[in-house]
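# Sequence isn't available, so here's the structure alone:
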């Protein structure tokens, strides 16, 4: 059991997702079980979520649907998550991207930030 000072709820610190009304998220993950787990968690918070299992499908879905956020795996087949993120940024949509990675070294994780525009 955690000491009393370490027990907290993230829910008490942030606005409930239920108050975000109509939010839609694209999950781009080639591991279907992981993608479904993330989707199911978002749906519990009344957030609509779609799944793309590769980068090409993700870009297609982004062209035909309006998403509020993208949850993006770096290690995708065919088109990498880094390339998908770069294309999203280049399109100028301003869609926030949450990048998932299993990279175990800082230099690998740092490479992902090379496409992030500076202000």
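All right, it came through fine. Computed from a predicted model, the values in this text were never measured in an experiment. Numbering: from 1, shown residues only.

# Okay, now the unreliable bits of the chain?
Residue ranges of the chain with pLDDT under 70: 1-21, 103-119.

# What's the first helix or strand after the helix or strand hosting residue 50?
Here residue 50 sits within strand 48-52, counting by DSSP states H and E. Sequence order places helix 55-64 as the next helix or strand after strand 48-52, per DSSP H and E.

# orientation of that following helix relative to strand 48-52 in degrees?
On the basis of axes from the mean of the first three to the mean of the last three CA atoms, to 10 degrees, helix 55-64 is oriented at 140 degrees to strand 48-52.

# Give the buried residues for helix 55-64.
Using 16 or more other CB atoms under 10 Å as the test for burial, helix 55-64 gives 55, 57-59, 61-62. Yep, even glycine has a C-beta here, placed from its N, CA and C like the rest.

# Just the buried residues of the longest helix seen in the chain, please?
For the chain, the longest helix by residue count, based on DSSP state H, is helix 32-44. Buried positions in helix 32-44, judged by neighbour count with 16+ other CB under 10 Å: 35, 38-39, 42.

# so that helix versus strand 48-52, what angle?
Using the same axes, to 10 degrees: helix 32-44 against strand 48-52 is 170 degrees.

# elements contacting helix 32-44?
If contacts are counted by 3 or more CB pairs under 8 Å, 6 or more residues apart in numbering; DSSP states H and E, helix 32-44 sits against strand 24-28, strand 48-52.

# so what does the first one touch, helix or strand wise?
Using 3+ CB pairs under 8 Å, 6+ apart as the contact criterion, the secondary-structure elements in contact with strand 24-28 are helix 32-44, strand 48-52, helix 55-64, strand 69-73.

# Indicate each strand paired with the second one and its parallel or antiparallel sense.
Yep, that's strand 48-52 we're talking about. strand 24-28 (parallel) (DSSP bridges).

# quick check: angle from the strand it pairs with to strand 69-73?
Using the same axes, to 10 degrees, the direction of strand 24-28 lies 10 degrees away from that of strand 69-73.

# can you pull the buried residues of strand 24-28?
Under the neighbour-count criterion of 16+ other CB under 10 Å, strand 24-28 has 25-28 buried.

# and what of stretch 86-106?
Burial within stretch 86-106, assessed by neighbour count using 16+ other CB under 10 Å, is assigned to 87-88, 95, 97, 99-100.
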